[in-house]
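>>> Take a look and give me a structure for this.
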Amino acid sequence: MSRIGKQPVAVPANVEVTIDGHNLTVKGPKGELHRSFNPMMTIAREGDEIIVSRPDDSREAKSLHGLTRTLIHNMVEGVENGFQKKLQLVGVGYRAALKGTSLELSLGYSHPVVIEAPEGISFEVPSQTEIIVHGASKEQVGQIAADIRKWRKPEPYKGKGIRYEGEVVRRKLGKAAKSD
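Presented below is the predicted three-dimensional model:
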């Protein structure tokens, strides 16, 4: 058995879990998430825990076992506490502003970049150079943060761009410094 997959997922008191065959619905204070899982996995609830098991010993079932358990754990964690991803804007004139629920970015283009917040996602702009993406789904928060970062990836010569908090950009020497 998978070492991660055989661990049960604890369900807090304020989270409601509904299992309908291979479909799982998790409701909590931060929202509601739905997901359909592979029929090879057996998902059962025993008291205040969710148990994931696999009936056969095939290679594919082994690889799905730990993944299924982790996805369920992320769903429970997301509806209880939520997830967030922090981004930093580095560069002269790079700014972020919140316009209603959408995010407006000035990134050196001739026009502002407007990013609409999808359902279940919210933006927070504590300062002009910081963006925080909040949501219940870990996948959706990560994808939206990656989409924002894609507008101006950090470049290695001046270090300008949008980066994740704590991301280290390896700097390169320029043309003049290389010739010495």
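>>> and residue 22, what pLDDT?
On the pLDDT scale, residue 22 is placed at 88.
>>> Mind telling me what element residue 44 is part of?
Applying DSSP states H and E as the criterion places residue 44 in strand 42-46.
>>> any residues touching that strand, and which ones?
8, 11, 17, 19, 22, 24, 37, 50-55, 68, 72 (C-beta atoms under 8 Å, 6 or more residues apart in numbering). Backbone N, C-alpha and C define where each C-beta goes, glycine included.
>>> what stretches of the chain score poorly on pLDDT?
Along the chain, segments meeting pLDDT under 70 span 1-2, 177-180.
>>> Give the buried residues for the longest strand along the chain.
If you go by DSSP state E, the chain has its longest strand at strand 83-90. Residues of strand 83-90 classed as buried: 83, 85, 87-90 (neighbour count, 16 or more other C-beta atoms under 10 Å).
>>> Pull out the C-alpha coordinates of stretch 116-131 and format them as PDB.
Extracted as PDB, the C-alpha positions of stretch 116-131 are listed here (Å, rounded to 0.1, in the frame of the first residue of the first chain):
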ATOM      1  CA  GLU A 116     -11.400  38.800 -13.600                       C
ATOM      2  CA  ALA A 117     -11.700  36.800 -10.400                       C
ATOM      3  CA  PRO A 118     -13.400  33.400 -11.200                       C
ATOM      4  CA  GLU A 119     -16.100  32.000  -8.800                       C
ATOM      5  CA  GLY A 120     -14.500  30.900  -5.600                       C
ATOM      6  CA  ILE A 121     -11.400  33.100  -5.900                       C
ATOM      7  CA  SER A 122     -10.700  36.500  -4.400                       C
ATOM      8  CA  PHE A 123      -7.800  38.900  -4.700                       C
ATOM      9  CA  GLU A 124      -6.300  41.100  -2.000                       C
ATOM     10  CA  VAL A 125      -3.800  43.900  -2.700                       C
ATOM     11  CA  PRO A 126      -2.100  45.000   0.600                       C
ATOM     12  CA  SER A 127       0.300  47.300  -1.300                       C
ATOM     13  CA  GLN A 128       0.800  48.300  -4.900                       C
ATOM     14  CA  THR A 129       3.500  45.600  -5.400                       C
ATOM     15  CA  GLU A 130       1.800  42.700  -3.600                       C
ATOM     16  CA  ILE A 131      -1.000  40.400  -4.700                       C
END
